[in-house]
Structures are given as C-alpha cells and as structure tokens.
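J.: got a predicted model here, sequence first, then my questions.
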Amino acid sequence: MYIIMIKRRLLSIIGALVLLFVLSACAMEEQSFANEYKQISQKEAKEIMDSEKEYVILDVRTEEEFAEKHIPGAVLIPHDEIESRAEKELLDKEKIILVYCRSGNRSKVASQILADLGYSAVFEFGGINDWPYETE
C-alpha cells in the first residue's frame, strides 16, 4: 500500500515537471519570435515612407558617412551606440523603424539589438549603396 502511494506521488511529480517543461518551452518559443526584425526590400521601405505618417528612418553608419550622404529625414545612431542610446532617443517601441547602413551588415546587427530591446516594428532594408531613391 505504501509503495503504491509513493508511485502515485512520483507520477504526479513527473507529470507536473513535464507540464512545466512544455509550458516553458512554449514561452521561450514565443519570446524568440517576438524578438525578431523583418528584412524588407528597398522598394518596400520606400513604399512605407510614402504611405505611412509615423515612422523613423534610422541610419546606423558613422557620423562621417552620414555627413557624406543620407536618406532625407534619417536619424543617426551609429550601430555600436544603439544599445546605449535607443531607449533614450526612440521612445515609442511600437513605431515603425526603418533601418539601413552602407551595405546591410551593420543594419542587421542594429535591427536585432532593437528587436531584443523590445521594439516591435523594426524593418531592415539594407544599405544606402544600393538605394535608388533620393539622398542628401
């Protein structure tokens, strides 16, 4: 009788552990999905710029590169300063953020950092080297 009670108790504990494992795995999967940015084409980025009212164009190159040429209306936060400056300068974490750099490498890194910080509408569209639209 005592052994049967121990077995039932053990099965109950194992069942609870399995349930806890499944729930935590689902939560981790949901969290990793939430921490993603979306890569879009430059044409799609331009369409957003032309159709939306509320968005940020984020240039993540250096100050020197930005001074040479940038997309009109872009805000500069160099990619290596994103983590320390984003939450102070990009206050609305739900606003569309269009991210670019020179060739597309730094913008991917910066976009992932923004997503990890909880920004929910981050769109990376590559580099200004291939930007066929207006620059200043």
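T.: Arrived safely, thanks for sending. Numbers count the residues shown, from 1 in each chain.
J.: tell me who's in contact with Val109.
T.: By C-beta atoms under 8 Å, 6 or more residues apart in numbering, the contact list for Val109 reads His79. Heads up, the C-betas are built off the backbone N, CA and C, glycines and all.
J.: tell me the pLDDT of it.
T.: With respect to pLDDT, Val109 has a value of 96.
J.: identify the bridge partners of the nearest residue to Arg102 once chain neighbours are set aside.
T.: Setting aside the residues directly before and after it, Arg102 is nearest to Gly127 in space (C-beta to C-beta, 6 or more residues apart in numbering), at 4.9 Å. Taking DSSP bridges as the rule, Gly127 bridges to Cys101.
J.: Gly127 against Val99, yeah?
T.: No: under the criterion of C-beta atoms under 8 Å, Gly127 makes no contact with Val99, lying 10.5 Å away.
J.: the two: which has the busier surroundings?
T.: Counted by other C-beta atoms under 10 Å, Gly127 and Val99 do not tie: Val99 has more neighbours, with 33 against 16.
J.: can you report phi and psi for Lys38?
T.: phi -110, psi 130 (degrees, to the nearest 10).
J.: that one: what's it in contact with?
T.: 122-124.
J.: mind putting these into CSV with pLDDT, distance to Ile48 and secondary structure?
T.: CSV is the format used below for these (pLDDT from 0 to 100; distance: C-beta to C-beta, whole Å; DSSP: H, G, I helix; E, B strand; the rest coil):
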residue, pLDDT, distance to Ile48, secondary structure
Val122, 98, 12, strand
Phe123, 98, 7, strand
Glu124, 98, 12, strand
